[in-house]
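> Predicted model and sequence follow; I will ask about them next.
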Number of protein chains: 2
Amino acid sequence: MAKIFKALSNEKRLQLFKNIYEWQVGEMKPEETLQCCDGIKKTFTKACGCMDLSRSTVSHHLKELQNAGLITCIREGQTLVCKVNQDVIDAVKTFID
Amino acid sequence: MAKIFKALSNEKRLQLFKNIYEWQVGEMKPEETLQCCDGIKKTFTKACGCMDLSRSTVSHHLKELQNAGLITCIREGQTLVCKVNQDVIDAVKTFID
DNA sequence: TCGAATGTACGATAACCATCGAACATACAA
DNA sequence: TTGTATGTTCGATGGTTATCGTACATTCGA
């Protein structure tokens, strides 16, 4: 559980996680979507664009999130598609009780 | 929010926080209570005893938890009385949705 | 009042982390 | 097939953190 919290303890990484979640559930405002992402697809690329981090840093953060089990990323050609693991989120919810 | 997660991202500090919570709500098993604490009182002292950390380290961790708003500590004579801030916990719950 | 117990403040140190750029690998389009 | 875009890996570097021991302040009991 500490591992999960650690993954969310970095400001940028938390933002990245939130973005992935919002892209996934489609709760992002249209203009943000246009600026920042292409829906759930192209997570990586667009994250770089809107978060002002180098590609290597984004790669590292994504790996941390995966490592904590918070997201799962699969490759689709050149791009990455990342999605949130709801069961881990639920585990956190359960823990906080 | 990242600050809160950071406060919980250390294994020992998370354990400490859980102890404080359990001591507070009285959900700790009697034998643990005997070993580890005197109810909500003497949080600090007993934390040192059962967590295998120096006093200065425990002091530091408590300060981090306070800093994140997760707990509030007040002094009672020689000892510290710490309690969990439920509203911050609720904020975390709300965030995870 | 004196001494023990409790908690805090400080400085040191080793470990960890965030970030970058460069070099690389892969995929796709021209 | 060649170039461009995309992601990954690596090493460097500066910053942060966990932990300790020591020294200090406060409280309380003898």
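Received it, and whenever you're ready, just let me know what you need. Small disclaimer: the values here were computed from a predicted structure and weren't measured.
> is it true that A:N67 touches A:K6?
No: using Cβ atoms under 8 Å, A:N67 is not in contact with A:K6, being 9.7 Å away. Using the backbone N, CA and C atoms, a C-beta is placed for each residue, glycine as well.
> Looking at those two, which is more packed in?
Neighbour count, other Cβ atoms under 10 Å in any protein chain shown: between A:N67 and A:K6, A:K6 has more, with 20 against 13.
> so the more buried one is in which element?
helix A:2-7 (DSSP states H and E).
> List the buried residues in that helix.
A:A2, A:I4, A:F5, A:K6, A:A7 (16 or more other Cβ atoms under 10 Å in any protein chain shown).
> near chain B, which residues of chain A?
A:1-2, A:5-6, A:8-11, A:14, A:89, A:92-93, A:96 (Cβ under 8 Å from any Cβ of the partner chain).
> name the helices or strands packed onto the lengthiest helix in chain A?
The longest helix of chain A (DSSP state H) is helix A:11-25. Applying 3 or more Cβ pairs under 8 Å, 6 or more residues apart in numbering or on different chains; DSSP states H and E, one finds that helix A:11-25 contacts helix A:43-51, helix A:55-67, strand A:79-84, helix B:2-7.
> Next, see if the last one gets close to chain A.
Translated: helix B:2-7. Yes: Helix B:2-7 reaches chain A (Cβ under 8 Å from any Cβ) through B:A2, B:F5, B:K6.
> Do that helix and DNA strand D come into contact?
Yes: shown here: helix B:2-7 in contact with DNA strand D (Cβ under 7 Å from any atom of the strand) through B:K6.
> helices or strands next to that helix in the packing?
Contact here means 3+ Cβ pairs under 8 Å, 6+ apart; on that basis helix B:2-7 packs against helix A:2-7, helix A:11-25, helix B:55-67, helix B:86-95.
> just to revisit the earlier point, only whichever of the residues of chain A next to chain B are buried, select them in ChimeraX.
With 16+ other Cβ under 10 Å as the criterion, this ChimeraX line picks the buried residues out of these:
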select /A:2,5,6,8,9,10,14,89,92
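> The residues of chain A next to chain B: which ones sit near DNA strand C?
A:K6, A:S9, A:N10.
> and the closest residue to the first one other than its chain neighbours, helix, strand or coil?
Spelled out, that is A:K6. Nearest residue to A:K6, sequence neighbours excluded (Cβ to Cβ, 6 or more residues apart in numbering or on different chains): B:S9, at 3.7 Å. Recorded secondary structure, B:S9: coil (DSSP: H, G, I helix; E, B strand; the rest coil).
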